[in-house]
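In: with the input below, show me the fold.
(one chain, ligands or ions: 1)
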Amino acid sequence: MNLPTQVKIVEVGPRDGLQNEKEDVPAEVKIALVDRLSAAGFANIEAAAFVSPKWVPQMATSRQVMDGIARKPGVIYSALTPNLQGFEAALAARADEVVIFGSASEAFSQRNINCSIAESIARFEPVARAAKEHGIRLRGSISTAFGCPYQGEVPLAAVSDVVARMRDLGCDEIDIADTIGVATPRHAQAVMAAAIAAFPIERLSGHFHDTYGQALANIYASLELGIAIFHSSVAGLGGCPYAKGATGNVATEDVLYMLNGLGIDTGIDLDQVVDAGAYISQFLGRKGASRAGNALLAKRAP
Ligand SMILES: CC(C)(COP(=O)([O-])OP(=O)([O-])OC[C@H]1O[C@@H](n2cnc3c(N)ncnc32)[C@H](O)[C@@H]1OP(=O)([O-])[O-])[C@@H](O)C(=O)NCCC(=O)NCCSC(=O)C[C@@](C)(O)CC(=O)[O-]
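Out: Down below sits the predicted model:
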């Protein structure tokens, strides 16, 4: 089976990873984390979310973060923008890419962004238009594509329908997200195939959480289909505030270890990612959730 020879990893730790932390993570720590990640070689880092601070307090420092990072030429620094208010904030903060985020499940859409899927698409329209006017990349993220904490199963047709709606809004890239980490490899392939039917495969990404320990297997299954963009979070940080019990994104170190072993090029230095993971884990006062990261750290110990 031919797998892609190159993969883009979108590092989402500073946003998806940290958004659910109860204790305030100061802007300077987030800035240091983003800068360590850009130094490690990521071409795309999700650094901010311009959402309501009442809904997600941890993201209230997004402007400070975007102002404080040392921007590395060529790196795309992304920010979540649920509406025009968020877009304007992202524009002022010089985001390179804005992310509209919807859901394949009606129930999750209501809990996460307080509106139906159809209403969310209507809200995204002016954001998409404004992004195009300003020449800013537009990414669409589709939560609960593999299962929903509130409604359970999510039909494949619902996934391809939302993908098509995001395509029609002009998204440059679309993420298919397993918000609660319930997918298993064959199901992952079925969902990805439903997305591929509606959008060019080279601009589709897999965003897997590792709640049930299936994320790497799901990434491998997606690679088999030809998907070549994946999201991951350094030290496996994360969990969604609107998905109870959901653990972090798949750990970047684990994904890199697997891709390196498969001979797939990412342009990212695993050792530097391990350092970044150790840095943020030390700040948070707990061991990182990456198996590969912890194994590599243990090997380094004298
Ligand atoms: C979408 C809204 C704003 C609707 O929230 P709402 O209450 O329906 O909106 P509203 O328009 O009525 O505004 C209410 C208040 O929010 C303010 N507001 C309104 N918009 C903004 C904004 N952009 N930035 C800052 N403030 C904002 C607005 O100014 C107002 O302030 P007030 O007058 O009460 O003081 C709210 O539901 C929200 O912010 N939700 C955020 C949810 C979120 O961030 N979830 C996590 C990210 S998604 C995710 O993690 C999943 C993903 C992407 O990783 C993929 C996966 O794994 O599934």
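
In: ok, and the closest non-adjacent residue to residue 25?
Out: residue 18 (5.4 Å; CB to CB, 6 or more residues apart in numbering). (C-beta placed from N, C-alpha, C; glycine too.)

In: could you report the neighbour count for the one you found?
Out: By other CB atoms under 10 Å, the residues close to residue 18 number 23.

In: cool, and the one 5 residues further on?
Out: The criterion is other CB under 10 Å. On that basis, residue 23 has 9 neighbouring residues.

In: SS state for it?
Out: Put simply, residue 23 is coil when judged by DSSP: H, G, I helix; E, B strand; the rest coil.

In: repeat for residue 100
Out: Secondary structure, three-state DSSP: residue 100 is strand.

In: ranges for the strands of the stretch 151-300 of the chain?
Out: Taking DSSP state E, counting those that start in this stretch as the criterion, the stretch 151-300 of the chain contains strands spanning 173-178, 204-208, 229-232.

In: circling back to that earlier point, ok, the residue nearest to residue 25 to residue 216 distance?
Out: Distance of residue 18 to residue 216, given as CB to CB, to the nearest Å: 22 Å.

In: just residue 66 next, same as before
Out: With CB to CB as the criterion, residue 66 and residue 216 are 31 Å apart.

In: those two - which one has more neighbours?
Out: Applying other CB under 10 Å to residue 66 and residue 216 shows that residue 66 carries more neighbours, namely 25 against 20.

In: what sits closest to that one if chain neighbours are left out?
Out: Leaving out its chain neighbours, the residue that sits closest to residue 66 by CB to CB, 6+ apart is residue 93, at 3.7 Å.

In: wait, the one you found sits on residue 64?
Out: No - the pair residue 93 / residue 64 is not scored as a contact, 9.2 Å apart, by CB atoms under 8 Å.

In: and this protein, which of its residues are near the ligand?
Out: 16, 19, 49-52, 55-56, 80, 82-83, 85-86, 101, 112-114, 141, 143, 177, 179, 207, 240-242 (CB under 6 Å from any ligand atom).

In: can you tell me how far the residue lying closest to residue 272 once chain neighbours are set aside is from residue 75?
Out: In this structure, residue 272 finds its nearest non-sequential neighbour in residue 40, 3.7 Å apart by CB to CB, 6+ apart. Relative to residue 75, residue 40 is positioned 11 Å away (CB to CB).

In: neighbour count: the two, which is higher?
Out: Higher neighbour count among residue 40 and residue 75: residue 40, with 22 against 18, using other CB under 10 Å.

In: just to check, the more buried one is in contact with residue 274?
Out: No - in this structure residue 40 lies outside contact range of residue 274 using CB under 8 Å: 9.2 Å.

In: sorry, back to before: check contacts around the residue nearest to residue 66.
Out: 48, 50, 62, 63, 66, 67, 79 (CB atoms under 8 Å, 6 or more residues apart in numbering).

In: just the ones of those residues in strands?
Out: Residues of those located in strands (DSSP state E): 48, 79.

In: does the nearest residue to residue 222 once chain neighbours are set aside have beta-bridge partners, and which?
Out: Leaving aside its sequence neighbours, residue 222 sits nearest to residue 206 (CB to CB, 6+ apart; 4.5 Å). Beta-bridge partners recorded for residue 206 (DSSP bridges): residue 176, residue 230.

In: from memory residue 206 sits against residue 221, does it?
Out: No - if you go by CB under 8 Å, residue 206 and residue 221 don't touch, sitting 9.1 Å apart.

In: who touches both of the two?
Out: By the contact definition CB under 8 Å, 6+ apart, residue 206 and residue 221 are jointly contacted by 188, 192.

In: where in this protein is pLDDT low?
Out: 239-243 (pLDDT under 70).

In: for the stretch 51-200 of the chain, what spans make up the helices?
Out: Taking DSSP state H, counting those that start in this stretch, the helices of the stretch 51-200 of the chain run over residues 62-68, 84-92, 106-113, 117-133, 156-168, 185-196.

In: relative to residue 6, which of the ones you listed is closest?
Out: Nearest to residue 6 among the helices of the stretch 51-200 of the chain is helix 185-196; the distance by CB to CB comes to 18.2 Å.

In: what about residue 298, distance to residue 291?
Out: According to CB to CB, residue 298 and residue 291 sit 11 Å apart.
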